[in-house]
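Peer 1: let me see the structure of the following:
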Amino acid sequence: MRAQCLARIEELLADGPMSAAALFKELGVTRGTVFGYLHYMHKIERTVYPLAEKSGRSKQWALGADPALPNGDDVSAPQRGSAPAQQVGMWRDALVAALFGPAQGIAA
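Peer 2: Reported below is the predicted structural model:
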C-alpha cells in the first residue's frame, strides 16, 4: 500500500505542484498518512519538496530534489554538545557544608 501511494504521489506531482489537501483527496488515505509520506519523500528519498507559495492553508508540493537541503547523506539536525553538570546559582546551607564540604562549581 505504501509503495503504491508513493508512486501515485509522484504521478500526481508530475503534472504540476499540488497541495497536501489535493493529494489527500486523490489518494483516499488519512491526512496524517499523506503528510507522513510527503515528509518521507522530502527528507529521506528527496523526490519532492515544498514550494514557498501556499494554496489556501497548505503548502504546494513539487516533484524533484529540494534545493534548500544540503547535498550529501547527512540531513539530520546538528547536534548540541554536552558538558558536565554544574550547580549554578544555589547556595549551600551551613549544616550541609559542615557535613559534605563547601559547594564546588560556579556558585561556590
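
Peer 1: can we go C-alpha only for contacts and neighbour counts from here?
Peer 2: Fine.

Peer 1: pretty sure Ala103 contacts Arg92?
Peer 2: Yes: Ala103 is within contact range of Arg92, at 6.4 Å (criterion: C-alpha atoms under 8 Å).

Peer 1: now do the helices in the protein.
Peer 2: Along the chain, counting by DSSP state H, helices occupy 2-14, 20-27, 31-40, 94-100.

Peer 1: any idea how far Asp66 is from the residue lying closest to Leu63 once chain neighbours are set aside?
Peer 2: Nearest in space to Leu63, with sequence neighbours left out and distances taken as C-alpha to C-alpha, 6 or more residues apart in numbering, is Val48 at 4.5 Å. With distances taken as C-alpha to C-alpha, to the nearest Å, Val48 is found 7 Å from Asp66.

Peer 1: between those two, which one's more packed in?
Peer 2: A direct count of neighbours by other C-alpha atoms under 10 Å for Val48 and Asp66 places Val48 higher, at 23 against 17.

Peer 1: state the distance from that one to Ala65.
Peer 2: Val48 sits 6 Å away from Ala65, going by C-alpha to C-alpha.

Peer 1: next, show the common contact partners of those two.
Peer 2: Common contact partners of Val48 and Ala65 (C-alpha atoms under 8 Å, 6 or more residues apart in numbering): His42.

Peer 1: how close does Ala17 sit to Leu99?
Peer 2: Slight slip there: residue 17 is Pro, not Ala. From Pro17 across to Leu99, the span is 70 Å (C-alpha to C-alpha).

Peer 1: out of those two, which sits in the more crowded spot?
Peer 2: Shown here are Pro17 and Leu99; by other C-alpha under 10 Å, Pro17 has more neighbours (17 against 8).

Peer 1: run a quick neighbour tally on the closest residue to that one other than its chain neighbours.
Peer 2: Leaving aside its sequence neighbours, Pro17 sits nearest to Ala62 (C-alpha to C-alpha, 6+ apart; 4.5 Å). For Ala62, the neighbour count with other C-alpha under 10 Å is 22.

Peer 1: what is Ala62 paired to in the beta sheet?
Peer 2: Note on Ala62: beta-bridge partners Tyr49, judged by DSSP bridges.
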